[in-house]
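# Provided below for reference: sequence and predicted model.
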Amino acid sequence: MSLDRPPRARTPDTAVTQPADAFIWLHAAFCSMALPMQATRGAWQRDIDAGSVRVEPSASDDMVPSGPIFRLSMMHICDAAFRSNSLVVELGTDKTLLAAALGIDPKTSDLADQWQRLQAARILLSDGGSAEVSVFDARSRRRVGDLGWRSAVRLSTKFLSSLVDHAVPLDRRVVRELSASPAALDAYAWIRMSLRHAPADQIVTTTWNDLLKRFGTASQDVAGFRLTFNAALRLVFEADDSVDLAVDDEGVSVRRAKPAENESAAEATTPMQPRTDTIEVDGEKQNERLAFLPATAPVAPAPEGAKPPVLRRQHLASQKMPRGDQGVASTAADDRIMRDSISLTGHLTGLAQVIWLRRGHGEENVLVGVTPTPRFEAERLTVLAVEPMVIQVSGGLNEKDFERVSAWVMSNRDVIDEFWEGRITSFSELNRRVRKAPAPGWR
C-alpha cells in the first residue's frame with residue numbers, strides 16, 4: 001500500500017487554540033516509546049534511533065515505576081510544569097488530591113507504591129539526538145527509608161527547558177478513557193507526536209520493525225507484537241475520532257480525520273455535504289476514509305495480484321456493534337428486523353461459526369463478521385470483505401474454516417448485499433432466502 005505525499009508547509013497545531021484544560025502536555029521522549037509495563041528490579045532502559053528513556057531505582061534491587069500510574073504521573077508532572085513554566089510541581093497535601101489530578105480512584109492499590117518508586121528513581125531521557133537530561137533535580141530525589149508524603153517534586157532546569165521545546169498536546173478526555181491500558185496510552189501518545197507538526201492531510205506511516213523497537217519487548221517477534229499493538233490501536237481508534245488509522249503488512253499509517261480549522265469554519269456556514277477524502281493506494285486515487293483494521297491474528301494473505309480493501313473508518317470491525325437480532329422463525333407481530341445488525345447461527349447457515357450481517361448506511365465496501373459463538377465479542381471477531389473476492393481483513397479463521405465460510409458468503413452474496421443496502425427488512429424473508437454452506441470441496 002502506497003500512501004506517499006509530496007512535502008507541504010507545516011500547519012500550526014490546532015491544540016493551542018483549544019481551551020487550556022482540554023489538553024495535557026507531555027514531553028515528546030515519553031510519547032515516542034513505551035515506558036515500563038510491569039515493575040522490574042534494577043535499571044530499565046529503551047533506546048530508539050533518535051532518543052532514549054532510562055529509569056534507575058534508588059537501589060540496584062529496587063522496583064522501577066511502571067504501568068498506567070507511571071504514565072499518568074509523568075503526564076501530570078509535564079503538564080503542570082509546562083503550563084506554569086516552573087521547576088516545582090505541586091502534588092497536594094495527600095494522595096487523594098494527587099489521584100484526582102491523575103483521574104484515578106484514590107483507593108487504587110498501588111498508587112502510593114508507584115509514587116514512592118517514581119520519586120526515588122533517577123529518570124533520564126534524550127530526544128532528537130540531544131544530550132541525555134535528568135527529569136528530576138538530584139537534590140529532591142527521595143532517599144532510602146524516606147516514606148513520608150511529599151507535597152511537591154522539583155524538576156531539573158535542563159528538563160524544563162527541553163520540555164518547553166518538545167511538548168506534545170494530548171486530549172485530556174482521550175487520556176481519561178484510555179487510562180486503564182498502558183499500551184493504549186503509549187499508542188495514543190505516539191500517534192499525537194507523529195501528527196504534531198504534520199500538515200492536515202499528510203499521512204504518516206511507521207514500519208512494524210520501528211514500532212517493535214519503540215513498543216515491543218525483547219521476547220516478541222513482529223508477528224506477535226502486531227497482535228498486541230493492534231489491540232492497543234483499536235482502543236485508541238474507538239476513543240479518539242480525530243485521527244484515521246490504517247494497518248497493513250508495511251506498518252501503521254495515521255492522519256488527522258478532522259478538516260483544518262479554516263475548512264471547519266467554512267463548513268459551519270454552508271449546507272452539509274457528503275465529505276470524502278482522497279488517498280492513494282497502489283498508485284490509484286481512492287475516495288475513501290482511511291480504515292483501522294484491528295486484528296486478533298495475522299491477516300490471511302490476499303491472492304497474488306489482489307489489492308487490499310480500502311474501507312471506511314466506521315465499519316464492522318471498529319464499530320461497537322449492539323447485540324444483533326437472530327435470524328429465526330418469527331410471528332407476524334415481531335417479523336420486522338429492527339436492529340442494524342443480525343446474527344445467523346448454524347441451523348440457517350450450516351456453519352460451525354456465527355455470521356454477522358449489518359446495514360451499510362451508504363458504505364461501499366460490503367463486510368461480513370464471523371464469531372465462534374452467538375455472543376458478539378470484538379476480540380474474537382473475524383472481518384471479511386466480500387468484493388472483489390472474499391478476503392480476510394482481520395481475525396483468526398484457519399484455512400479450512402475460511403474456505404467454508406467463503407463458500408457460504410459467495411452462495412449468499414445476494415442476501416448479504418440486500419441486507420447491507422436495507423432491502424431485506426423481515427425475518428421471514430431472511431429465513432426463506434438464506435442458503436446453507438455448500439458441501440466441503442466446492443469450487
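Structure's in. What do you need?

# so who does the closest residue in space to Leu91 that isn't next to it in sequence touch?
Excluding the flanking residues, the one nearest Leu91 by CB to CB, 6 or more residues apart in numbering is Leu98, at 5.1 Å. No exception for glycine: its C-beta is placed from N, CA and C like everyone else's. Contacts for Leu98 (CB atoms under 8 Å, 6 or more residues apart in numbering) come out as 76, 91-92, 111, 115.

# Need the residues that contact the host helix or strand of Ile191.
Per DSSP states H and E, Ile191 falls inside helix 182-194. Residues outside helix 182-194 that contact it (CB under 8 Å, 6+ apart): 26, 28, 30-35, 37, 66-68, 70-72, 168-171, 174-175, 178-179, 204, 206, 214-215, 228-229, 231-233, 235-236, 239-240, 243, 245, 254.

# If you count neighbours, what's buried in that helix?
Across helix 182-194, burial judged by 16 or more other CB atoms under 10 Å covers 182-194.

# How about stretch 48-60?
Residues of stretch 48-60 classed as buried: 48, 51-58 (neighbour count, 16+ other CB under 10 Å).

# which one in those residues is the model shakiest on?
Lowest pLDDT within the buried residues of stretch 48-60 is found at Ser58 (82).

# That one in helix, strand or coil?
Put simply, Ser58 is coil when judged by DSSP: H, G, I helix; E, B strand; the rest coil.

# Next, give phi and psi for it.
In this entry, Ser58 is assigned phi and psi values of phi -70, psi -30 (degrees, to the nearest 10).

# surely it meets Ala120?
Yes - under the criterion of CB atoms under 8 Å, Ser58 makes contact with Ala120 at 4.0 Å.

# related to what we said a few turns ago, and the next helix or strand past the helix holding Ile191?
Downstream of helix 182-194, the next assigned helix or strand under DSSP H and E is strand 204-207.

# chain center to that next one, what's the gap?
Its chain's C-alpha centre and that of strand 204-207 lie 14 Å apart, by CA atoms, centre = their mean, to the nearest Å.

# would you put the C-alpha positions of it in CSV?
The C-alpha trace of strand 204-207 is given here as CSV (Å, rounded to 0.1, in the frame of the first residue of the first chain):
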residue,chain,number,x,y,z
VAL,A,204,2.5,9.4,8.4
THR,A,205,3.5,5.7,8.1
THR,A,206,5.7,3.8,10.5
THR,A,207,7.0,0.3,9.8
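
# one step back: can the buried residues of helix 182-194 go into CSV with extra columns for pLDDT and distance to Lys400?
Compiled in CSV, the buried residues of helix 182-194 are given as follows (pLDDT from 0 to 100; distance: CB to CB, whole Å):
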residue, pLDDT, distance to Lys400
Pro182, 92, 37
Ala183, 93, 32
Ala184, 93, 34
Leu185, 95, 39
Asp186, 96, 37
Ala187, 96, 33
Tyr188, 97, 38
Ala189, 97, 41
Trp190, 96, 38
Ile191, 96, 37
Arg192, 95, 42
Met193, 94, 43
Ser194, 93, 39
